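**Q** Predicted model follows, preceded by the sequence.
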Amino acid sequence: MIYTLTLNPSVDYIVSVDPFEFGKTNRTATEMKNPGGKGINVSRVLNNLNIKTKALGFIGGFTGGFIEQKLREEKVDTDFIQVNGDTRINIKLQTGEETEINGQSPSVDQEHLNTLLEKLHVLQEGDLLVLAGSVPKSLPSNIYYSLLKEVEELGVKVIVDTSGEALEKSFPGNPFLIKPNHHELGELFDKSDLTVKDAVHYGRRILDKGVQNIIVSMAGEGALFLNKEITLFSNVPKGIVKNSVGAGDSVVAGFVASYSQHNDLVKAFQYGIAAGSATAFSNHFCEKAEIEKLIDEIEITKL
Ligand SMILES: Nc1ncnc2c1ncn2[C@@H]1O[C@H](COP(=O)(O)OP(=O)(O)O)[C@@H](O)[C@H]1O
Ligand SMILES: O=P(O)(O)OC[C@H]1O[C@](O)(COP(=O)(O)O)[C@@H](O)[C@@H]1O
């Protein structure tokens with residue numbers, strides 16, 4: 001079984017405004033309201049690929065109700081924990097470039113956390129758990145490390161997709177996979193504008209800290225896959241980016257979809273990149289046929 005955990009879900013309010021003028025009344029040309037947050041997005045993409053998951057996380061208020069309702073309509077299985085306050089709304093403003101304003105989440109207390117731990121204790125050998133997204137302020141920044149330790153004895157493979165302190169502190173918990181983008185990887189070492197060579201260098205330093213596999217996505221510039229045995233580079237297919245919200249989460253979902261079926265890391269890397277680009281090239285999350293159309297354009301080379 002595949003589980004996703006979103007500590008900090010969101011309603012994504014994705015609007016295009018053209019032209020956009022600061023200090024003026026602007027009107028939207030298009031708008032979408034979607035259930036969001038990284039783990040939820042992974043569950044939604046896997047659902048598009050006919051792979052069942054259970055989405056865990058903390059939700060509350062009218063926005064939490066919206067997320068639950070939408071996921072029920074899409075037939076994504078959920079087991080959320082209710083918290084007090086409204087789940088955040090994240091604004092994605094498309095004006096030719098993409099600007100994001102990500103909101104604050106309601107607080108999660110010890111009782112909520114204990115309920116989560118109970119839910120995680122039912123996981124079994126062979127299960128996959130995706131821990132994804134930012135950490136609400138009320139939780140410690142080493143929460144993903146604690147959760148990795150919590151399921152360590154259960155034989156579960158854990159993927160961590162987050163950034164900053166929460167990501168860095170997860171490394172000694174030996175996550176099966178992490179998927180930073182090149183900015184997030186650079187941030188961990190106080191560096192910007194990483195080249196492929198830099199990303200390989202810093203990725204290797206993270207492998208030394210206990211992470212088993214790393215995908216570094218570099219938007220239109222390609223992606224890397226690293227573990228102690230192999231270093232691979234992937235190009236990305238050519239196409240017009242329509243909406244990149246959820247593209248990174250689609251890489252994770254595509255990887256999980258393929259790996260859970262074929263147990264092949266290289267194939268899963270390729271499928272993940274195809275899924276990321278298929279989402280980026282459309283206004284919805286990728287479908288199987290869209291991924292399969294792109295897969296042959298993706299060439300994996302050994303570095
Ligand atoms: N310009 C692009 N051309 C093709 N694919 C893209 C482009 N931008 C993003 N993608 C796809 O989206 C994935 C994730 O994008 P990236 O920006 O690296 O991560 P994140 O969305 O996590 O910030 C990429 O690996 C790729 O598959
Ligand atoms: O938890 P964070 O880091 O604030 O990210 C949440 C946001 O990221 C998303 O999961 C999209 O992530 P990606 O574009 O990286 O795939 C949105 O749905 C959500 O608004």
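**A** That came through fine. Ligands and ions are numbered 1, 2, ... in the order given.
**Q** Now stretch 265-282: buried residues?
**A** 265, 267-282 (16 or more other CB atoms under 10 Å). Yep, even glycine has a C-beta here, placed from its N, CA and C like the rest.
**Q** Using CSV, write out every CA atom in it.
**A** Only the C-alpha atoms of stretch 265-282 are listed here, as CSV (Å, rounded to 0.1, in the frame of the first residue of the first chain):
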residue,chain,number,x,y,z
LEU,A,265,15.3,2.7,-10.0
VAL,A,266,16.4,3.8,-13.5
LYS,A,267,13.0,3.1,-15.1
ALA,A,268,11.3,4.9,-12.2
PHE,A,269,13.5,7.9,-12.6
GLN,A,270,12.7,8.1,-16.3
TYR,A,271,8.9,7.7,-15.6
GLY,A,272,9.1,10.3,-12.9
ILE,A,273,10.6,12.9,-15.2
ALA,A,274,8.1,12.1,-17.9
ALA,A,275,5.3,12.6,-15.3
GLY,A,276,6.7,15.9,-14.2
SER,A,277,6.9,17.3,-17.7
ALA,A,278,3.4,15.9,-18.6
THR,A,279,2.0,17.9,-15.7
ALA,A,280,4.1,21.0,-16.5
PHE,A,281,2.8,20.9,-20.1
SER,A,282,-0.9,20.9,-19.2
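**Q** Need the per-residue pLDDT for the residue of the stretch 201-303 of the chain found nearest ligand 1.
**A** In the stretch 201-303 of the chain, the residue that lies nearest ligand 1 is residue 248 (2.0 Å; CB to the nearest ligand atom). If you check residue 248, the pLDDT there is 98.
**Q** so what's it up against?
**A** For residue 248, the contact set (CB atoms under 8 Å, 6 or more residues apart in numbering) comprises 38, 161, 179, 181, 217, 276.
**Q** wait, what's in contact with the second one?
**A** Under the criterion of CB under 8 Å, 6+ apart, the contact list for residue 161 reads 38, 42, 130-133, 178-179, 248-249, 252.
**Q** Excluding residues flanking it in the chain, which one is nearest it?
**A** Nearest residue to residue 161, sequence neighbours excluded (CB to CB, 6 or more residues apart in numbering): residue 132, at 4.2 Å.
**Q** neighbours of that neighbour, just the number please.
**A** Using other CB atoms under 10 Å, residue 132 has 28 neighbouring residues.
**Q** For the residue in the stretch 151-300 of the chain that ligand 2 sits nearest to, pull up the helix or strand it's in.
**A** As assessed by CB to the nearest ligand atom, ligand 2 sits closest to residue 248 within the stretch 151-300 of the chain, at 3.2 Å. Applying DSSP states H and E as the criterion places residue 248 in helix 247-262.
**Q** buried sites along that helix?
**A** By neighbour count on 16+ other CB under 10 Å, the buried set for helix 247-262 is 247-260.
**Q** which is the next helix or strand following that helix?
**A** helix 265-280.
**Q** which residues are contacting whatever helix or strand comes next after that next one?
**A** The element immediately downstream of helix 265-280 (helix or strand, assigned by DSSP H and E) is helix 288-294. With contacts defined as CB under 8 Å, 6+ apart, helix 288-294 is touched by 48-50, 237, 239, 254, 271, 274-275, 277-278, 281-282.
**Q** Check the secondary structure at residue 99 for me.
**A** Residue 99 carries the three-state label strand when classified by DSSP: H, G, I helix; E, B strand; the rest coil.
**Q** and the nearest residue to it once chain neighbours are set aside, what is it in contact with?
**A** Spatially, and ignoring its direct neighbours in sequence, residue 99 is nearest to residue 93 (4.4 Å; CB to CB, 6+ apart). By CB under 8 Å, 6+ apart, the residues touching residue 93 are 15, 17, 20, 99-101.
**Q** Name the nearest of these relative to residue 303.
**A** residue 100 (31.4 Å; CB to CB).
**Q** Quick check: that closest one touching residue 94?
**A** No - counting by CB atoms under 8 Å, residue 100 does not reach residue 94; the two are 10.1 Å apart.
**Q** Need the contacts of residue 248 in TSV (columns: secondary structure).
**A** Below are those laid out as TSV (three-state DSSP):
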residue	secondary structure
38	helix
161	strand
179	coil
181	strand
217	strand
276	helix
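**Q** Next, the contact list for the spatially most central residue of the chain, please.
**A** Centroid-nearest residue in the chain: residue 249, 3.4 Å away (criterion: CA atoms, centre = their mean). Going by CB under 8 Å, 6+ apart, residue 249 touches 38, 41-42, 45, 132, 161.
**Q** if you set the cut-off to 6 Å instead, what comes out?
**A** By CB atoms under 6 Å, 6 or more residues apart in numbering, the residues touching residue 249 are 38, 41-42.
**Q** A strand includes residue 93, no?
**A** Yes - the assignment for residue 93 by three-state DSSP puts it in a strand.
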